[in-house]
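[1] Attaching a predicted model along with its sequence, questions to come.
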Amino acid sequence: MRRLLIVELDRLRWRRAVVVLLAAAVLVPTLIWLSQAWNTRPLSDADLADAQAQAARDASAAWVQRDLARCERNPGRFGGPGTTPEACAEMIVPRAENYLWREPLQVESIRENDAVAVVTMLAGLLFLIGTTFVGHDWNTGSISNQLLFEPRRLRVWGAKALAVLGLGLVVSGLVLAAFWGATALLADQRGIATSGEAWAAALGSAARGVVLSALAGFLGFSLTMLFRSTVATLAVGFAVFAGGSLVVLGIFGDGAMRWLMPTNAMAVLLDGFEFYAYTPACEAAQTTMGQMTMEEGVVDPCIQHLSLQAGAAYLLVVLAVVTALSLWSFRRRDLP
C-alpha cells in the first residue's frame, strides 16, 4: 500500500492541471490578505490632508450653503426642538473626520469574512484537484492499465483517496497557517491588542477549515470515481450547490436553509451559525408582536442556530453516502 501511495503522489505531483490549481491556492489567499492589510491600514498624514481638502471643497458647495442658511433660519426643522442656529454648522457643514473612517484590523471580523473566503476558495480548488486527478485516468482509460499491476480495486481506490486527502491537508494547512501567521504579525506591528479568546476562536476555525478543505478534495475524488467523468462531477456539483439549493428553498421555504450544504459548512467553520428562517413560529411571533421591539434576553423565533456538532453530522453523513457509493461502483462495475 505504501508503494502504491507513493506512485499516486508522484502522478498527482506531475499533473499540470494540479500544479496550476495549487498555484492558485497560494496566490488567491495572498491577494485576499493583501486586500485586508490595505483596507485596514492606519490613517496617514496624507490621508488627513486629503480629507481636509475634500471637506473644504464640499463645504463650499452651493447645496451645503443653501441648507446651512435654511437651518439657521429654522433650526428646529433640522435638529428638532431646542436646536440653536449655532449648531447648524456642526450638523450640516462637512468636516475632515467625516472622510477619515476606516475599519481597523480586527481578528474576529477577519475570522468571519476574509478567512471564510480563503477556506471557500481552498475547498473549491481542492475539489477541482480531486476531480481532475482521477478524471484524467477515466478519460484516457489508464485506470484499466493501473489495475493490471494492482488488481485489488479497493487498494487502488484507497491509495488515490489518501493521495488527494493528504495533499489537501498539507496545502490547506500551510496556506491557512501562513494567512493567520501574517495576520498576527500585522496586528503586532500595528500594536493592535487581541484577546486570547479571539485568537483561540481563530485557531479553531483555521483547524476546522483545514479539515473542510481537505474533505472537499476527497469529495471531488469520490464523486469522480462514481461518475467516471470530470465533466459529470462538475455538473452534479453545480446542480447541487446552485440549482439544488434553489429547489430546496423554493419547495420548503427559508426553513430549509438548515439542510443546505453551505449552511452546515458555515456552522462547522464558525463553531455555530445563525440564519433567518421564516417558519410558522416566526410568522406567529411577528403577527403577535407587530412592530414591537424584542426585549433584551428574549430569543427571536425567526433566528435559528445551527451548532457545530449538527453541521458536522450532516456533512459526515453526506460524505459517507458518497464514499460508500463510490467504493461500490468502483468495485462492482465493469471498467471501460
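    Cool, got the structure. This structure is a prediction, so every number in the text was calculated from the model and none was measured.

[2] Now I303: phi and psi?
    Main-chain torsions, I303, degrees, to the nearest 10: phi -110, psi 120.

[3] Next one: it from V210, what distance?
    For I303, the distance to V210 (Cβ to Cβ, to the nearest Å) stands at 29 Å. The C-beta positions use only the backbone N, C-alpha and C, and glycine is treated the same way.

[4] Show me which of the two is the more surrounded one.
    The residue with more neighbours, out of I303 and V210, is V210; 22 against 12, by other Cβ atoms under 10 Å.

[5] In three-state terms, label the nearest residue in space to G82 that is not next to it in sequence for me.
    Nearest residue to G82 in three dimensions, chain neighbours excluded: G76, at 7.5 Å (Cβ to Cβ, 6 or more residues apart in numbering). Three-state assignment for G76 (DSSP: H, G, I helix; E, B strand; the rest coil): helix.

[6] ranges for the helices of the stretch 101-250 of the chain?
    107-112, 114-140, 142-149, 153-189, 196-227, 230-238, 244-252 (DSSP state H, counting those that start in this stretch).

[7] Indicate which one of those helices is closest to V20.
    Nearest to V20 among the helices of the stretch 101-250 of the chain is helix 114-140; the distance by Cβ to Cβ comes to 9.7 Å.

[8] Which positions within that closest one qualify as buried?
    Within helix 114-140, the residues that qualify as buried are 114-116, 118-138, counting by 16 or more other Cβ atoms under 10 Å.

[9] low-scoring pLDDT stretches of the stretch 201-336 of the chain, where are they?
    241-255, 278-281, 283-300, 336 (pLDDT under 70).

[10] and if we set it to 90?
    227-263, 273-306, 330-336 (pLDDT under 90).

[11] residue contacts, the closest residue to D58 other than its chain neighbours?
    Leaving aside its sequence neighbours, D58 sits nearest to P94 (Cβ to Cβ, 6+ apart; 4.3 Å). Applying Cβ atoms under 8 Å, 6 or more residues apart in numbering to P94 gives the contacts Q54, A55, D58, A59, V64.

[12] Looking at those, which is nearest V318?
    Distances from V318 to the contacts of P94, taken by Cβ to Cβ, are shortest for Q54, at 52.3 Å.

[13] mind checking which helix or strand the closest one is in?
    helix 45-59 (DSSP states H and E).

[14] circling back to that earlier point, helix, strand or coil for the residue nearest to D58?
    Taken by three-state DSSP, the conformation at P94 corresponds to coil.

[15] what about it, distance to R102?
    Distance, P94 to R102, by Cβ to Cβ: 17 Å.

[16] what's around the residue nearest to L167 when sequence neighbours are not counted, how many residues?
    Distances taken as Cβ to Cβ, 6+ apart put L12 closest to L167, at 6.2 Å, once the chain neighbours are dropped. For L12, the neighbour count with other Cβ under 10 Å is 20.

[17] picking that back up, tell me, how many residues neighbour the residue nearest to G82?
    11.

[18] Does it touch T84 like I think?
    No. Look at G76 against T84 with Cβ atoms under 8 Å: they stay out of range, at 9.6 Å.

[19] Enumerate every residue touching V164.
    By Cβ under 8 Å, 6+ apart, the neighbours of V164 are L12, I129, G130, F133, V134, G217, F218, G220, F221.

[20] Got phi/psi on H305?
    phi -110, psi 130.

[21] I'd like to know how far it sits from R190.
    34 Å.

[22] L154 now?
    Distance from L154 to R190, counting by Cβ to Cβ: 53 Å.

[23] One more: A23?
    Per Cβ to Cβ, A23 is found 30 Å from R190.

[24] ok, L226 - contacts?
    Residues in contact with L226 (Cβ under 8 Å, 6+ apart) are V322, L325, S326, S329, F330.

[25] since we're on the closest residue in space to it that isn't next to it in sequence, how many residues are nearby?
    Using Cβ to Cβ, 6+ apart and skipping the chain neighbours, the partner closest in space to L226 is S326 (4.3 Å). When counting by other Cβ under 10 Å, one arrives at 20 neighbours for S326.

[26] I'd guessed S326 sits against G220; true?
    No. With contact defined as Cβ under 8 Å, S326 does not reach G220; the gap is 11.0 Å.
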